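A.B. asks: what's the 3D shape of this:
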Amino acid sequence: MRNSTSAPPPVPSDDLVESSSDEPETQEHLKSKRPSRRSFFFFGAMAAASLLPKSAKAQQIRSRVRRPTPPRQATDAFRTGVNERPAAYAEWTADPASVSRLVRRVTMGVTAADMAKASQLGWQGYLNWQLNYARINDDFVESTVANRYPLVLQTSDQLGQLPDQGPLYGQLRESTIYRAAFSQRQLFQRMVEFWSDHFNQDIDKVGYLYVADLRDVIRTHALGRFPDLLRASAHSASMMVYLDQNASRNTAPNQNYARELMELHTLGVDAGYTQTDVAELSRVLTGWTVQGRGNFVFNPNIHDRNAKTVMGVTIPAAAATQGAAGISEGESILTMLVKHPNTARFIAWKMLKWLLDPAPTEAQINTVASVYLATGGDIKSMVRVILNDTWLPAAPMKLKRPYHFMVSALRSASPAVTSLAPMVNQLTNLGHQLFAWDTPDGYPDKIEYWAGNIVPRWNFASSFANFANIATISVDPGPYLRAGSTAAAIDLINQNFFGGEMPLITRNGLLTYAGTTALTDARTRELLSLAISSDAFQWY
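C.D. replies: Numbering: from 1, shown residues only. Down below sits the predicted model:
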């Protein structure tokens, strides 16, 4: 048995808005087409048993208790409970040479094509293929985004002139879902989601400014270098507005951005800085602001030119003639922060939690942090080490957050799509609307938070496969009806939704529910809904 705490083998270098139309008539139609709730009893019981940890509470109003705890020592204080580390299904681990565990972590949802590609390339080949995402031809997806969602390509100056922001919010959310579901650059999409939470913003506060942030900060640097990503964020008009940096003045420095820059973006909480350092950094950053319809600028007239000291780094008083050169003070602190060993550990810890294990070991944190420091914060290098073929096969399963769960259903079902407005509405029902978390820490990635939303998941699953009679999304049961038999149809569901590794208990449950009569359109859709609502489909 592999030792999950050992360091990985040497790694080769890289060679290589809500919709304004809720379509109420469509929603009523879907409700009328849903299977009886009794048909979900078997799968609901299985899913509920695994989704609800012993201490779980129903998901309620968004928690205001934020502040992730950074790792310092491998003690119980920095680990999640055992209920957040369920062992993978036996079907996922039966073949030691299988690449399926990698495919599940790399993608937003497995498909038969994903599994075939990974089997062809092997573990390292598939990982390299996904890491070198720019080489993957995604022209069809990007062309579709450009044609359907043109607003997401516009500048802040252009978007600032829109009379109504509602259509923009819808296009931004739909395009994000579309890319996540249908792009072949799946690892890239997963890291876009990760960094969107790491540098979280609430679109209700920043409005159209967030379009440029998501495009030019997050998507541009998601698999680049962390120092470049941080600097781009620090020069984002959207981030300046979200954390009130645009309101900061030499006469009254605002500490919000300075605090989150250290606590959430780089060092982590209680990681070598004090409240005095926060206050001093806020003075350093005075002058970093926004002008016009959303352009970052440095305004020397509101910059504090007096001496400051941040974490032992002294910045001497500047002459009144310093002018625009005053921005270099903030730039120097950014450089100090991205090079700090606590930043390396904090980013390593968060990436390990996202891609590998809710409770990474001290050895794993140290290994990934050392890669951060050795490569200057190269994200690809850290991902390559995290997803090695020693650690990942021994890792626990992770629960799909609602967005991940919904996107994985889209990927596996591969429906015909002309609009994803219904999916935007579904995310609201699931409690995971994109860009709507109002505190800077981003949506939680913990079972404890999401366990209580199992009923909305069932509701989504029960309606999803019935998306047949509306114009925007059409799930086709035809391939399953033409499979030849009920068992063959379930085998096809296994390939498309479970990567060929459907647990036996799920297969037997589907067979029992299907019965011995010939499949009909309605019964096939119910089987698809039951598969999506099953325990096994909730995890990756």
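
A.B. asks: so what's the residue nearest to Q426 when sequence neighbours are not counted up against?
C.D. replies: Excluding the flanking residues, the one nearest Q426 by Cβ to Cβ, 6 or more residues apart in numbering is F460, at 5.5 Å. Just so you know, the C-beta spots here come from the backbone N, C-alpha and C atoms, and that holds for glycine as well. For F460, the contact set (Cβ atoms under 8 Å, 6 or more residues apart in numbering) comprises 405-406, 409, 426, 429-430, 532.

A.B. asks: Which two among these are spaced furthest apart?
C.D. replies: The most widely separated members of these, counting by Cβ to Cβ, are N429 and I532 (14.8 Å).

A.B. asks: which one of these two has more residues nearby?
C.D. replies: Set N429 next to I532 and count neighbours by other Cβ atoms under 10 Å: I532 wins out with 25 against 17.

A.B. asks: and the more buried one, what does it touch?
C.D. replies: Going by Cβ under 8 Å, 6+ apart, the list of residues near I532 reads 409, 460-461, 464-465, 497.

A.B. asks: any idea how far L399 is from W539?
C.D. replies: 6 Å (Cβ to Cβ, to the nearest Å).

A.B. asks: the more surrounded of the two?
C.D. replies: Neighbours per residue, other Cβ under 10 Å: of L399 and W539, the larger number sits with L399, 22 against 19.

A.B. asks: do you know how far the closest residue to that one other than its chain neighbours is from K398?
C.D. replies: Computed as Cβ to Cβ, 6+ apart, the closest residue to L399 that is not its neighbour in sequence is I447, at 5.0 Å. According to Cβ to Cβ, I447 and K398 sit 9 Å apart.

A.B. asks: what is in contact with those two at once?
C.D. replies: P358.

A.B. asks: got the contacts of F460 as a markdown table, with distance to T375 and pLDDT columns?
C.D. replies: Formatted as a markdown table, these follow (distance: Cβ to Cβ, whole Å; pLDDT from 0 to 100):
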| residue | distance to T375 | pLDDT |
| --- | --- | --- |
| F405 | 33 | 97 |
| M406 | 34 | 97 |
| A409 | 36 | 96 |
| Q426 | 39 | 93 |
| N429 | 42 | 93 |
| L430 | 37 | 95 |
| I532 | 39 | 96 |
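
A.B. asks: taking these one by one, which sit in helices?
C.D. replies: Of these, the ones assigned to helices by DSSP state H are 405-406, 409, 426, 429-430, 532.

A.B. asks: List the buried residues for whichever helix or strand R345 is part of?
C.D. replies: Following DSSP states H and E, the helix or strand that holds R345 is helix 341-355. Residues of helix 341-355 classed as buried by neighbour count (16 or more other Cβ atoms under 10 Å): 342-355.

A.B. asks: Tell me the buried residues in stretch 139-146?
C.D. replies: Neighbour-count burial for stretch 139-146 [16+ other Cβ under 10 Å]: 141, 145.

A.B. asks: same check, this time on stretch 454-470
C.D. replies: 454, 456-468, 470.

A.B. asks: Which of the residues you listed sits closest to N388?
C.D. replies: Closest to N388, out of all of the buried residues of stretch 454-470 and judged by Cβ to Cβ, is R457, at 31.6 Å.

A.B. asks: For burial, what's the neighbour tally of G160?
C.D. replies: Close neighbours of G160, defined as other Cβ under 10 Å, add up to 15.

A.B. asks: Quick check: next helix or strand after the biggest helix by length in the chain?
C.D. replies: When every helix of the chain is counted residue by residue (DSSP H), the longest turns out to be helix 112-131. Where DSSP H and E defines the elements, the next helix or strand beyond helix 112-131 is helix 139-148.

A.B. asks: And that next one, how far out from the chain middle?
C.D. replies: 21 Å (Cα atoms, centre = their mean, to the nearest Å).

A.B. asks: The very next helix or strand once past that helix - contacts with which helices or strands?
C.D. replies: Later in the chain than helix 139-148, the nearest helix or strand by DSSP H and E is helix 156-159. Packing partners of helix 156-159 (3 or more Cβ pairs under 8 Å, 6 or more residues apart in numbering; DSSP states H and E): helix 209-212.

A.B. asks: which helices and strands sit right next to the helix it packs on?
C.D. replies: Counting by 3+ Cβ pairs under 8 Å, 6+ apart, helix 209-212 packs on helix 156-159, helix 166-182, helix 237-242.

A.B. asks: Assign V290 to helix, strand or coil.
C.D. replies: Following DSSP: H, G, I helix; E, B strand; the rest coil, the label given to V290 is strand.

A.B. asks: what number of residues lie near A181?
C.D. replies: 25.

A.B. asks: for N425, that is, sorry about that
C.D. replies: Residues near N425, counting by other Cβ under 10 Å: 18.

A.B. asks: Tell me how far it lies from L530.
C.D. replies: Taking Cβ to Cβ, one finds N425 at 22 Å from L530.

A.B. asks: tell me the contacts of the nearest residue to N200 once chain neighbours are set aside?
C.D. replies: Distances taken as Cβ to Cβ, 6+ apart place G442 nearest to N200, at 3.7 Å, with adjacent residues excluded. Residues near G442 by Cβ under 8 Å, 6+ apart: 196-198, 200.

A.B. asks: In helices only, show me those residues.
C.D. replies: Using DSSP H, the contacts of G442 in helices are 196-198.

A.B. asks: Could you dump those residues into TSV and include pLDDT and distance to D164?
C.D. replies: TSV is the format used below for these (pLDDT from 0 to 100; distance: Cβ to Cβ, whole Å):
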residue	pLDDT	distance to D164
S196	98	24
D197	98	28
H198	98	30
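
A.B. asks: still on that earlier bit, make CSV out of the contacts of I532 and add secondary structure and distance to M336.
C.D. replies: Listed next are the contacts of I532 as CSV, based on DSSP: H, G, I helix; E, B strand; the rest coil; distance: Cβ to Cβ, whole Å:
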residue, secondary structure, distance to M336
A409, helix, 44
F460, helix, 46
A461, helix, 49
F464, helix, 49
A465, coil, 53
F497, helix, 48
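
A.B. asks: Which single one of these is nearest to P477?
C.D. replies: A465 (7.5 Å).
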